[in-house]
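1. A structural model of the following input is requested.
(chains A, B and C)
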Amino acid sequence: MSTSIAAHPDRLLPADPGTRAIARNLLKQVEDLPIVSPHGHVDARIIADNTPFPDPTELLISPDHYVTRLLHANGVNLSDLNVGKSNGADPREAWRIFCRNWHLYDGTASGYWLRSEFVNVFGIDDSKINEAHADEIYDQLQTIVEQPNFRPRELFEKFKLEVMATTDDPLDDLSAHEQIAADNSFSGRVLPTFRPDAYVKFHGAGFADKAQKLIDTAGDGLSGYEGYIRAMENGRKYFIDRGAVSADHGTLNANTLKLDPAEATLLFEKGLRGEATVDEANAFEAHMTYQFARMSVEDGLVMTIHPGVYRNHSPETFDEFGADTGHDIPFAMEYTRGLQPLLGDFGNREDFHFVLFTIDETVYSREIAPLAGFYPSVYVGAPWWFIDEPDAMFRWRSAITGTAGFSRSSGFIDDTRAFCSIPARHDASRRTEAAFLAKYVAEHRISEDRATEIIVDIIDAAPRRVFKL
Amino acid sequence: MSTSIAAHPDRLLPADPGTRAIARNLLKQVEDLPIVSPHGHVDARIIADNTPFPDPTELLISPDHYVTRLLHANGVNLSDLNVGKSNGADPREAWRIFCRNWHLYDGTASGYWLRSEFVNVFGIDDSKINEAHADEIYDQLQTIVEQPNFRPRELFEKFKLEVMATTDDPLDDLSAHEQIAADNSFSGRVLPTFRPDAYVKFHGAGFADKAQKLIDTAGDGLSGYEGYIRAMENGRKYFIDRGAVSADHGTLNANTLKLDPAEATLLFEKGLRGEATVDEANAFEAHMTYQFARMSVEDGLVMTIHPGVYRNHSPETFDEFGADTGHDIPFAMEYTRGLQPLLGDFGNREDFHFVLFTIDETVYSREIAPLAGFYPSVYVGAPWWFIDEPDAMFRWRSAITGTAGFSRSSGFIDDTRAFCSIPARHDASRRTEAAFLAKYVAEHRISEDRATEIIVDIIDAAPRRVFKL
Amino acid sequence: MSTSIAAHPDRLLPADPGTRAIARNLLKQVEDLPIVSPHGHVDARIIADNTPFPDPTELLISPDHYVTRLLHANGVNLSDLNVGKSNGADPREAWRIFCRNWHLYDGTASGYWLRSEFVNVFGIDDSKINEAHADEIYDQLQTIVEQPNFRPRELFEKFKLEVMATTDDPLDDLSAHEQIAADNSFSGRVLPTFRPDAYVKFHGAGFADKAQKLIDTAGDGLSGYEGYIRAMENGRKYFIDRGAVSADHGTLNANTLKLDPAEATLLFEKGLRGEATVDEANAFEAHMTYQFARMSVEDGLVMTIHPGVYRNHSPETFDEFGADTGHDIPFAMEYTRGLQPLLGDFGNREDFHFVLFTIDETVYSREIAPLAGFYPSVYVGAPWWFIDEPDAMFRWRSAITGTAGFSRSSGFIDDTRAFCSIPARHDASRRTEAAFLAKYVAEHRISEDRATEIIVDIIDAAPRRVFKL
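-> Numbers count the residues shown, from 1 in each chain, chains lettered A, B, ... in the order given. This next block holds a predicted model:
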């Protein structure tokens, strides 16, 4: 008899017994469905080559900045965890640090996923995660990840992953994706996603070189802004030909702007020369958000945006460890006015799918639900990043449902680099959706029959429909 | 034995059995009370003439942009629903489209009201609302609305409507209201509301003509800004003489500004000539919000504001179908600094009632509750428009009660054009208030005796007290 | 058998019986723990001199603007309550007004505290608080507060107060604190807190005089900006030597700015001369917030900020009654970009503790939890001021836990002038934390064993750890 909360069949279900009984029934409809993962950050190469996972620290700690940031907040030096550019720490010692601090993760989304991975993926007794058992668990995990049935492709199948999208640089040749598609021994779909941010932000590292390389590579011999736009269009086509269904944009904010080609050319040239002001850089980015929507209308790629994050907030951490090391911090967003130029022109276009993600929860009831409740192109992105946890998911549904119902949400996305956490993340989403719907049923706001249909739709049909899978 | 959730006696009540029992008792105190509706958009003419309702599509779909927007979001062309200026669609075919898409409304406020209307007003079996039964229900509804006991006045009585306010143009002669008041055969109160927005916004359609006509009609022979202010004062008096208790203002934002007459005159003249900038137009509107407060202090009309909506967000939809067709989208609001000039001068004035509505939920706990917890003039407006649904109503009470208690809220307003939805809307509010109070009783935060008094106060006494009825 | 909700053992615990049982067990761990109060506004002098409390009105009404503001909102003149500068009212008559309006406090935080004080501190039957019993209760309270065992030091012990911080002017000589520390007959710790706001805001009343006096008093003979900075450093040292553990800053917003000494000197001189613009005043304040962080890094004082309040919103009330009379109103905040200069330089410094309070709830999940989940210096301040009530505390935990867990919060602070309300405030916090954790246990998100450890940590260990007690 397991006493682990990670294995409890009622985990994340509501406490009220009547509501819990309804939630259990709803969960049954979806808990064994395959996983559709239309947005994430796993490297396609590990699937293509079926690369064995390295040591436990490299598997679960060093690259996962959701895990390392809480250790850092509690006084651990990131270099002791081999975060980012650092690599001098003993993995086993890093693992001990993690186990010593395991209590920090209680109540967090990362803690829920990690515990679920330990128990449900690796068969580790989670009551033993502490300093005393650190070495024992390290050895146990090391043995497990060396087994052939714990390699990426085997886990892909074990996890019932049906489709998994990666996130890729426009100049990536997508050879890993091609290799997977050509391999008849593997039936999972691994799709690339076009993510051009680094080629759009004037003040990002190496912008001019990147943009010029893009033009040279895919610009059909055109130069300057004209070649740049052509190269973006060609790059997207290259991705589409290799299975891509969406383009993803980590924009500064949700502003959009329709510049005429002469204005855009002027800004672009300034950006290339490193002479653009902050306002000019922002204007060009807003213009490109508009242009990417235009391209999506033309080529059918689903467009996703997730603005509103101050990247690399701690300069000394960035200098020592690099980007994606835990200090990207959200700020307040505005979608209604910012998106108006784009939606005014493209919002009602047939087959245009525009998914709005955010980390500013205030936007859901105020802006995104009303937009998605009118424009056929707009979908409410699932809670994402810092708000990818049960309470926030519950608040999200509560914020949007009265206005937009259950038909306008994107379906869950796991957005993760941590391959082994994918089942736990989708499981948490399914349980939370069951909990939410059960409350509505218990309060006689929807019938149990309809809730049974709705949960299958939002878990399984919605991501396929919204991401054109 | 009905299986419809719309007829379930416990609908919207909390799932926990103990809390539900308390909520049932509280609901009993108010469920049969008459309806006081101090703000809405029903046309007084239909009451004056007791106009029979037209076909089901015209009754329930075409004019209700809360209903049509969700169909539009799911790919239906608004012209197939006879929305706004369009009128070429076959009503029966539009009805079929609606029935085919009925599932979209699950979980929405509109869905709750519609289902309640079907079951509780029209006696329709809501389990039959689907494409297969579309024609049958259409015929059934058509028969019902042709019956003499389903005309507006008969429903007004059946709904136990005691007072219903309409929303009216300053130049409306209010003949419908006069006709109703003079008719001894009808005892319901139908009150006009002064809504001058179109005469204040320089860049609204036809501003100059409207403002000039107002001056010519009611300006006592004065001209320019002086005549304009006089005409507003006279227009309000004309409304008051015909029963009006409030003036309603759909302002751009919550800014207020006290300009001296010379500055105001300068702006007004620019506005009339079509030469005002956006900033000047906004300044004049902020000035007029201040002026309307000054007038309310003098003439006693309750002042209500509901800022923060981007009107006609989709230009192509606006061009084809006109205003109020589902794409007015909220944005973030600021009340504390914006209202300071107005509240600094009038906030403590005796008998000034100033009701602050919003669609930006973040403002409730942060700004409106603290303002209403100090200024005797300020009342917290009930959740309104997109947030007029049970979850948002619950969040609203939760956001304001710790700071402002139960004595500072406006009472529920239905704000509807859909006459037949009025009982369902007030019923949803009463049930949600019972649910909220029951939670506080169950948690021993207020006594059950006090909750029993409070629910009667907030449902019945508050709207009468706040709107001076 | 008591029927008072204030004495009910399950008050504020969740209604669901299973969850409530868990909450009761958790509450048992902490309900009898001593009170640690690291931030508040009680005058140290009343402890030093063990001053008897005056009449009931002076004890519970006149100085407590949380109590008087709701009366004012409901039409009571503040002069009838002896608020602020007014003192002409008969205390007994003021008490009658309060009792007559007692129902206004239902559901509010103030009402919960007051009721709890009546029942649990004074032994008053709260069912009698009404106009009819006003005089009887007044006399009863008067008798009680005249008893020797109801003087401040006796209550300090009875309340199990272990540490209580006051808030003090930089030029306060802290003689009351010295007197308490030197008195071996009293074992409670009463610590001063350095609060320099009035010496930082150019446009505050008497800025130039205050700043000059500070320089003259503690500037080591230096003059101008150099003397000012030195005086701040010396003032902090003086406070530290007398037990201070923190410096508190009621900043306009969360902006921080690193000016070079020449720029800062220029602004300071303008500020002294009364010639600074609003922007310059704000820039100097942002610079000083940065400087105070630098000082905290050097001298170890915990730094707390609570920006975002429009002080003295009603000028006529301010003119008649003075500051702190109920009309300080919050507005929206931004922390991510504003704090970046400060956190970029000091966020990772060892032993720097920086507690972020707010009254804008939107900031918790969006900004503060992500910041506290990365920077070792940053702690999430407990809900404070208007949001110091059970629902808001629950929302606060829900907003931050998924991202920051349970290790990054400040511990509860009561922030009160009302000495007798301290136990009720901490009790409400303990009960709400038990309710929150019980939900997580009931939903199998944390184990009951861990919840038992966590509640002791967040109630007892966290304030000691974060405030270096």
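2. contacts, neighbours, all on C-alpha from now
-> Will do.
3. ok, and the closest non-adjacent residue to whichever residue of the stretch 301-450 of chain A sits closest to chain C?
-> Nearest to chain C in the stretch 301-450 of chain A, going by C-alpha to the nearest C-alpha, is residue A:314, at a distance of 4.9 Å. Excluding the flanking residues, the one nearest residue A:314 by C-alpha to C-alpha, 6 or more residues apart in numbering or on different chains is residue C:344, at 4.9 Å.
4. doesn't residue A:316 make contact with that neighbour?
-> Yes: here residue C:344 reaches residue A:316: they are 7.3 Å apart, a contact under C-alpha atoms under 8 Å.
5. Contacts only, for residue A:419.
-> Applying C-alpha atoms under 8 Å, 6 or more residues apart in numbering or on different chains, we find residue A:419 in contact with residue A:42.
6. what separates it from chain B, distance-wise?
-> Separation of residue A:419 from chain B (C-alpha to the nearest C-alpha, to the nearest Å) stands at 34 Å.
7. same thing with residue A:350?
-> Taking C-alpha to the nearest C-alpha, one finds residue A:350 at 8 Å from chain B.
8. What is the burial count for that residue?
-> 12 (other C-alpha atoms under 10 Å in any protein chain shown).
9. What residues of stretch A:196-214 count as buried?
-> A:196-203, A:207-208, A:210-214 (16 or more other C-alpha atoms under 10 Å in any protein chain shown).
10. same question, stretch A:444-454
-> Buried residues in stretch A:444-454 (16+ other C-alpha under 10 Å): A:444, A:445, A:446, A:447, A:448, A:451, A:452, A:454.
11. and it, is it in reach of chain B?
-> Yes: judged by C-alpha under 8 Å from any C-alpha of the partner chain, stretch A:444-454 and chain B are in contact via A:444, A:445, A:446, A:447.
12. Tell me the one of those residues nearest residue B:426?
-> residue A:445 (15.8 Å; C-alpha to C-alpha).
13. would the closest one count as being in a strand?
-> No: the assignment for residue A:445, made by DSSP: H, G, I helix; E, B strand; the rest coil, is coil rather than a strand.
14. give me phi/psi at it?
-> phi -100, psi -30 (degrees, to the nearest 10).
15. can you tell me which residues contact residue A:177?
-> Listed by C-alpha under 8 Å, 6+ apart, the contact set of residue A:177 reads A:44, A:45, A:48, A:190, A:191, A:192, A:242.
16. Put the buried members of the residues you listed into a ChimeraX selection.
-> The following ChimeraX command selects only the buried members of the contacts of residue A:177, with burial defined by 16+ other C-alpha under 10 Å:
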select /A:44,48,190,191,192,242
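17. The contacts of residue A:177: which ones sit near chain B?
-> Of the contacts of residue A:177, not one also sits near chain B (C-alpha under 8 Å from any C-alpha).
18. Return the subset of the contacts of residue A:177 lying in strands.
-> Among these, DSSP state E puts A:190, A:191 in strands.
19. where does whatever residue of the stretch 251-400 of chain A ends up closest to chain B land in three-state SS?
-> Closest to chain B within the stretch 251-400 of chain A is residue A:376: 3.9 Å, counting by C-alpha to the nearest C-alpha. Secondary structure state of residue A:376, per three-state DSSP, is coil.
20. hang on, isn't it packed against residue A:347?
-> Yes: distance between residue A:376 and residue A:347: 6.9 Å, which falls inside the contact criterion (C-alpha under 8 Å).
21. between the residues of stretch A:444-454 next to chain B, which is nearest chain B?
-> Distances from chain B to the residues of stretch A:444-454 next to chain B, taken by C-alpha to the nearest C-alpha, are shortest for residue A:444, at 4.8 Å.
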